[in-house]
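> What follows is a predicted structure for the sequence shown.
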Amino acid sequence: MITLVGNPKGGVGKSTIAVNIASARAMIPGRRVLLVDGDDPEQRSSADAILFRMQAEGFPGIASANWFNGDELRTQVQHQRALFDDIIIDAGGDDGGALRAGMMICDKMVVPYAPKAFETRALRKLQSLIDLCNEARREMKRQPIEVLAFLNRAKPGVNNTINLQGQSVIEHFPLLKLIEPKLVHREAFSDAAAMGISVFEHKPRDAKACDELKALLAAIYGDQ
């Protein structure tokens, strides 16, 4: 399965999410996982994180690649697809080639966004991109993109007003499906990702972060 983590807006935690997802999937026995960093080579934070993971040893292996050019990313991922059970694409921080290429080949797109008012502009841009890519996918006789949006770096508290307002924003973007799991702004997520691991592998263990990631994975992958 190809999972794209994308949002035209930078700074919403795409790389942190991509590393946590890839690392969690790699913990499934026998699972072959590839993490593709679609960011500029000078920014390649998720690919570098996986390098740290492999240097540390003791963790299940994850293959990684940095394909910034959209045509290269699409060609390489399609070529590598049969070799991996999971391919997670970290699309980088803009609406450039990597994001659009990922949208053309992914099975699901995961959209982290922050509970802030100015996220609306990026989501509007994203919906336009989804429209364009779905039109191209139809011509290729492919299904429309399944787009799952969730709050990342959410405020603590089940009924926090800022979170509720942030979630209500998705009602204006029918091509994005809001999923209930949200990741609260916890240092455990970014600390783990910087080491190329998930919060499940991070010490000391943050039980709340683990529960949130577990719920997010269930929403994306179901029983897989």
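Received the coordinates, thanks. Residues are numbered from 1 along each chain as shown.

> Now find how far off-centre stretch 128-136 is within its chain.
19 Å (Cα atoms, centre = their mean, to the nearest Å).

> buried residues in it?
Buried residues in stretch 128-136, defined by neighbour count with 16 or more other Cβ atoms under 10 Å: 129-130, 133-134. Yep, even glycine has a C-beta here, placed from its N, CA and C like the rest.

> Could you do stretch 196-207 as well?
196-202, 206.

> Within its sheet, name the partner strands of the lengthiest strand in the chain and how each one runs.
For the chain, the strand with the greatest residue count under DSSP state E is strand 146-154. Paired neighbours of strand 146-154 in the sheet (DSSP bridges): strand 108-113 (parallel), strand 177-178 (parallel), strand 183-184 (parallel).

> For the first one, C-alpha coordinates in CSV please.
As requested, C-alpha coordinates have been extracted for strand 108-113 and formatted as CSV (Å, rounded to 0.1, in the frame of the first residue of the first chain):
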residue,chain,number,x,y,z
LYS,A,108,-4.4,6.8,0.4
MET,A,109,-3.4,10.4,1.2
VAL,A,110,-3.1,11.4,4.8
VAL,A,111,-3.3,15.2,5.5
PRO,A,112,-2.1,16.5,8.9
TYR,A,113,-3.2,20.0,9.5
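
> elements contacting the next helix or strand after it?
Moving toward the C-terminus from strand 108-113, the first helix or strand encountered (DSSP states H and E) is helix 119-139. The elements that helix 119-139 packs onto, with contact taken as 3 or more Cβ pairs under 8 Å, 6 or more residues apart in numbering; DSSP states H and E, are helix 97-105, strand 108-113.

> which residues are in contact with the last one?
Read that as strand 108-113. 1-7, 9, 12-14, 17, 21, 102-103, 119, 122-123, 126, 130, 145-152, 166, 176, 183, 220 (Cβ atoms under 8 Å, 6 or more residues apart in numbering).
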